[in-house]
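Novice: Got a predicted model here, sequence first, then my questions.
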Amino acid sequence: MDKKKQAYICTGCGIGEGLDIDALSEVVSSEMSVECKTHAALCGAEGRAMMEADVSDGVNTIIIGACSPRVMQAEFSFGDDKIVARANLREQVVWCQGEDADTDFVQELGSDNMRMACTRAEKAELPEAFQLETTNKNILVMGGGIAGLTSAKEAASAGYNVTLVEKAAVLGGKALGWRMQFPTKAPWAKLEEPTIAALVKDIESDSNITVKTETEVARIAGAPGAFQVSMKAAGVKSEWDAPAKVAVDEQEKIDKGELEDPNDGLQKYTAENPAAETFGSVVLATGWTPADVSEFEHLTPGAKNVVTNAEFEKLAKEGNVPANVAFVMSPGADENDRDFPYCNSVTSMVALKQARYVCADNAEGKAYVLYQHMRTPGNMEMFYKDAQNEDGIFMTKATVTQVEEKGDGSLTVTAKDTLLNEDLDLDVDMVVLAAGLVPATKTENSINLAYRQGPGFLDLDLFDGYADSHFICFPYETRRTGVYTCGGVRKAMTMDETIDDATGAALKAIQCIESADRGVAVHPRSGDKTFPEFFFQRCTQCKRCTEECPFGALDDDEKGTPLPNPTRCRRCGTCMGACPERIIGFKDYNVDLIGSMIKSVEVPDDDEDKLRVLALVCENDAYPALDMAGMRKNKINNLVRIVPVRCLGSVNMAWIKDAMSSGMDGAILLGCKYGDDYQCHFVKGSEIASKRMDNIGDTLSTLGLEPERVKSEQISITDYDKVTDVINEFVEEIIELGPNPFKGF
Amino acid sequence: MTETSGASGLGAVLVVGGGISGMTAALEAAEVGKDVFLVEKNAYMGGRVAQLNQYFPKLCPPSCGMEINFKRIKDNRKIRMYNTTEVKSVSGSAGNYQVTLETSPRFVKGNCTACGDCAEACPIECDNAFNFNMDKTKAAYRPHEMAFPMRYVIDAAACDKCGKCVEACKYDAIDLDMQAESFELQVDSIVWATGWNPYDATKMDNLKYNDSDAIITNMMMERLAAPGGPTEGKILRPGDNKEPESIGFVQCAGSRDENHLEYCSYICCMASLKQITYVRERYPEVPIYVFYIDLRTPGKYENFREKLMGDENTHFIKGKVADITADSDGGVTVIAENAVTGAKIEQKVDLAVLATGMEPAAKGQLASLGVTMDDNGFITSDADKAMLSAGCAKKAADVVTSTQNATAAALKAIQVSRR
């Protein structure tokens, strides 16, 4: 693109009072060689008309010094074929100076912000969306239980072709064994007849759905819009099974014959299976298995008439329900009042359901429901209430301390701390233990990806094995783009929860396909057309990018050269941050662009009062917090030069070196919280950045610079008071250290 | 004016309600490529979650995810967003609904720069509803600190049209003669994401909400703990700003009660446990008493509960609160019976937090618009009619469940154009 640039400075909202606008314009026009106009309210109709007139005269690269880029996007947007670079003169220059700021210092800050915006405009290029040769729009659903069937049906109803893979011979999953099911509609009080048969019939008669029973997915290679799926007969080994991840040290042992190769006999993960079928996206709904309860010995789980809820349902369906049954919902005895593991609220509901079978099948039936906390949230309360009214169902909070088997096979249940103000000894025919629902992802890879980072989802131990990302706001996001999970792999769920969950997963699968087709990113940078490009001639096969990508977007070849999969990419730039050769970048965001912005900052080399500190700031959380600080007129030390980044993961340590070698005196990184309760929108970015910062500190010391000159901090979006303290204290520390000794060299 | 769907030829979706569920439904449909109209009655997006200090169990600020959602909305030309707008009438049928909407006057035009000069000039103070009237705003005000859109608004009820804001505004962005405007949309389907209101605490005679400033609701606690709240995040007793030396949490205040809300409101147990962390952060030692029927913290919430129950100064009492009485020292006494021991408890506290439940905002409101509701006011999702419900308009739920079912509603809404 042949750039025709024009800069504008808005003097409204206090900018005109806080800065010498003529001098600022002069910096832009003479130093940066861009014509600069000013306006008292650039975002208003008149200002907009002025800019539009220039655009119609051929201006295609627009530099705007005004408010934060987080506001007035529509007012300062001129279409996809124009480049806009904004300098935040309002929130992060004039509004955050406090009462007594030295005008010289404020002016220099404003000038640097304009220099950086002009440099961004100079370096940025228009994005061209990545297009697959062809985008496959078919959806693969793994698992033929309620979740998978619902997902398949809903995606097909939206006009997409679906292939449903189920390892059993028939569709329906666990629901086939249910005698009755939970209420799904008001008044939420009564059990309903199972609907699974009707759902299976719908699927089998839907011309958009192909059903493959007794089939498993051996491996999934490729990427959204072009997944290559190898299928196989259920339960057999295949050369196309997904290979396990082998770490570098493991591979060395394998090569020496000291370790058995777990992938012996398997095709390499990059091998192409000519028989593979192509899909656009995947819904994983492989469900759950009943939990093992044998560890709770005081409940005598081995006794003939001590059964799990899953076993009891089978008996109930067969019509073998004894007359006196105790339901034990919490196995903790005196130690704790937890439910069985993997329960969620489902097992409370199951106990209530099964208690009703006891009364339905036995005229004198007695069901004792012994709980620590009755978990019937939301509308399920009405089901609980209705069960309370049934003669024959007795419910109490109780600490069950012992289940004893008697000679005739009947049982005695001992409990205390009940609501009856007395301890209980119940003689019953059967004890039902409210076992939990263990997600398939706990025990197996399930998704069987042929990816460099391995076949499964990552870090599921954080979520007890559930395929969960721990995002409250965005629950469908997994760390494998184009793979959405629903049903029992995500959480123990009731019927109506499962149906909603599976329907939502179908939407996400469709959305991913359509985004891949348009060549744009999915969440969280939805609609972003840029993608990382690699200058492979300079790649040293160091593998940092392939290792660090939080989403496993990069595979590699035999030599270790990365094989990008742009439709897997979420555009965080962690690969770009990782690359020591600086060969990865986006059209409008790359090592050279940000590095040049940093180098455009004017660093006085003869004034000890005018130190310069670089702040690389996550644009999703820390940057808005800084804007908020400005809006609250909190003071941000004006020696700091703020550069927003997509994610701290994208911060290349070259930028720190750029800053230091251009004479800046310190650098701070502000990113999201990491750890178990991470808030990073790209999961790993801020964590990776902090590790890199530890290393850069060491590098600085070898250069004779104090490692204290660089720092990384966790800032949440509402830390708008804390963030100014963090920055200002850091600047004080730098002042204490004194100027960068290499300044001026 | 009548706006129809874009050039794609496929039908548009109307989403009513711009809280987390409505925004999610709108974005998920728009990111598939559908045209979406998103209408919100407040002057800002975000709804109820905008008032929350943190989400459980991660204790992260809701504005973190909202910032992403706002960015998605700003970047997506498929979404048209209307604030201070409500649905007035609906006619037609699935695939062909004509909807009349009305935008009430904001009195501040689109060219507002949020500079704040109007609020500075405004001489009138009024109760700040966003903070449950625990502090004041000017009649010309920013809805809240992180409001989206970031524009001021003038409270029509409080403003006496003195004109000082008009004089102060350098951008001619204030129009005190602005009138309500109605307009029509033609859409294929409607997603109702009208959210919830805290159950009116004054309805529970025994809990004496009106008798003492020391009795607050859980939503008020959210605002007290929020950095942008009336006390800038300090938890102080309303009225006398005392730092509480003891706190009681009264669970099921209205919920699980046939005289009030017969259902369980789903979130209140976790909300109170979360609020215990707010208290602990500020007052590491103060005794806390939690009166509950059951602790509904299923699944991964169990770890959170267990951690908090390990706090030796927090006492959990299984028993429903029978009465609260106001004391002369500004505190209150919470009266309950321990359901396990049978002991009668009279616990004096400086602050009592009522875990008030969720009442669907649509209750008694939307029947004339063709919406089907159950007896509790929750909206029934009806795919055949292309009238879907999402979030807490559909059922009492936490944020995760709401965003899940909002995503589901988005799919049901866009299926209509495929029939």
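Specialist: All right, it came through fine. Numbers count the residues shown, from 1 in each chain, chains lettered A, B, ... in the order given.
Novice: any idea which residue sits dead centre in chain B?
Specialist: B:Arg48 (1.7 Å; CA atoms, centre = their mean).
Novice: for that residue, helix, strand, or coil?
Specialist: helix (DSSP: H, G, I helix; E, B strand; the rest coil).
Novice: contacting residues around it?
Specialist: Going by CB atoms under 8 Å, 6 or more residues apart in numbering or on different chains, B:Arg48 touches B:Gly19, B:Ile20, B:Gly195, B:Trp196, B:Cys392. Where you see a C-beta, it was placed from the backbone N, CA and C, and this is true even at glycine.
Novice: repeat for A:Ala244
Specialist: With contact set as CB under 8 Å, 6+ apart, A:Ala244 has these partners: A:Pro262, A:Asn263, A:Gly454, A:Pro455.
Novice: between those, which has the most around it?
Specialist: Within the contacts of A:Ala244, neighbour counts (other CB atoms under 10 Å in any protein chain shown) peak at A:Pro455, which reaches 20 neighbours.
Novice: out of everything not next to it in sequence, what's closest to that residue?
Specialist: Leaving aside its sequence neighbours, A:Pro455 sits nearest to A:Ala242 (CB to CB, 6 or more residues apart in numbering or on different chains; 3.8 Å).
Novice: Please tell me I have it right and that neighbour contacts A:Ser446.
Specialist: No: taking contacts as CB atoms under 8 Å, A:Ala242 lies outside contact range of A:Ser446: 10.1 Å.
Novice: Looking at chain A, which residue is nearest chain B?
Specialist: For chain A, the residue closest to chain B is A:Cys473, as judged by CB to the nearest CB, at 2.9 Å.
Novice: just checking, that residue is part of a helix?
Specialist: No: going by three-state DSSP, the assignment for A:Cys473 is coil, not a helix.
Novice: so it makes contact with B:Gln404?
Specialist: No: using CB under 8 Å, A:Cys473 is not in contact with B:Gln404; the gap is 11.2 Å.
Novice: Give me the contact list for stretch A:698-708.
Specialist: Contacts of stretch A:698-708 (CB under 8 Å, 6+ apart): A:Met653, A:Met660, A:Gly697, A:Arg709, A:Val710, A:Glu733, A:Leu737, A:Asn740, A:Pro741, A:Phe742.
Novice: what comes up buried for that stretch?
Specialist: Buried positions in stretch A:698-708, judged by neighbour count with 16 or more other CB atoms under 10 Å in any protein chain shown: A:Leu700, A:Leu705, A:Glu706.
Novice: again, but for stretch B:374-385
Specialist: Neighbour counts using 16+ other CB under 10 Å place B:Asp374, B:Asn376, B:Gly377, B:Phe378, B:Ile379, B:Thr380, B:Ser381, B:Ala383, B:Lys385 of stretch B:374-385 among the buried residues.
Novice: and chain A, which of those residues contact it?
Specialist: B:Asp374, B:Asn376, B:Phe378, B:Thr380 (CB under 8 Å from any CB of the partner chain).
Novice: closest to chain A among those?
Specialist: The closest of these, once distances to chain A are taken by CB to the nearest CB, is B:Asp374, at 3.6 Å.
Novice: Secondary structure and distance to A:Arg612 added to the ones next to chain A among the buried residues of stretch B:374-385, as TSV?
Specialist: Formatted as TSV, those follow (DSSP: H, G, I helix; E, B strand; the rest coil; distance: CB to CB, whole Å):
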residue	secondary structure	distance to A:Arg612
B:Asp374	coil	63
B:Asn376	coil	61
B:Phe378	coil	58
B:Thr380	coil	61
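Novice: And the pLDDT at the closest residue to A:Glu214 other than its chain neighbours?
Specialist: Leaving aside its sequence neighbours, A:Glu214 sits nearest to A:Ala234 (CB to CB, 6+ apart; 4.8 Å). In this model, A:Ala234 is scored at 97, pLDDT.
Novice: I'd assumed A:Val217 was in contact with A:Ala234.
Specialist: No: under the criterion of CB under 8 Å, A:Ala234 makes no contact with A:Val217, lying 10.2 Å away.
Novice: which one of those two has more residues nearby?
Specialist: Using other CB under 10 Å as the criterion, A:Ala234 and A:Val217 rank with A:Val217 on top: 25 against 15.
Novice: sorry, back to before: dump the buried residues of stretch B:374-385 to TSV, plus distance to A:Met180.
Specialist: What follows is the buried residues of stretch B:374-385, written out as TSV (distance: CB to CB, whole Å):
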residue	distance to A:Met180
B:Asp374	21
B:Asn376	24
B:Gly377	28
B:Phe378	23
B:Ile379	26
B:Thr380	22
B:Ser381	23
B:Ala383	24
B:Lys385	28
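Novice: which of the buried residues of stretch A:698-708 has the weakest pLDDT?
Specialist: Ranking the buried residues of stretch A:698-708 by pLDDT, A:Leu700 lands last with 88.
Novice: That one should be in a helix, yeah?
Specialist: Yes: counting by three-state DSSP, A:Leu700 falls inside a helix.
Novice: Relative to chain A, which residue of the stretch 1-150 of chain B is the closest?
Specialist: Counting by CB to the nearest CB, the stretch 1-150 of chain B gets nearest to chain A through B:Gly65 (2.9 Å).
Novice: I'd like the distance between that residue and B:Tyr152.
Specialist: According to CB to CB, to the nearest Å, B:Gly65 and B:Tyr152 sit 25 Å apart.
Novice: do A:Thr441 as well
Specialist: Taking CB to CB, one finds A:Thr441 at 49 Å from B:Tyr152.
Novice: now swap in B:Val332 and tell me
Specialist: For B:Val332, the distance to B:Tyr152 - CB to CB - is 38 Å.
Novice: between the two, which one's more packed in?
Specialist: Counted by other CB under 10 Å, B:Val332 and B:Tyr152 do not tie: B:Tyr152 has more neighbours, with 27 against 24.
Novice: Only the buried residues of the top helix by length along chain A, if you could.
Specialist: Ranked by residue count and defined by DSSP state H, the top helix of chain A is helix A:495-518. Residues of helix A:495-518 classed as buried: A:495-517 (neighbour count, 16+ other CB under 10 Å).
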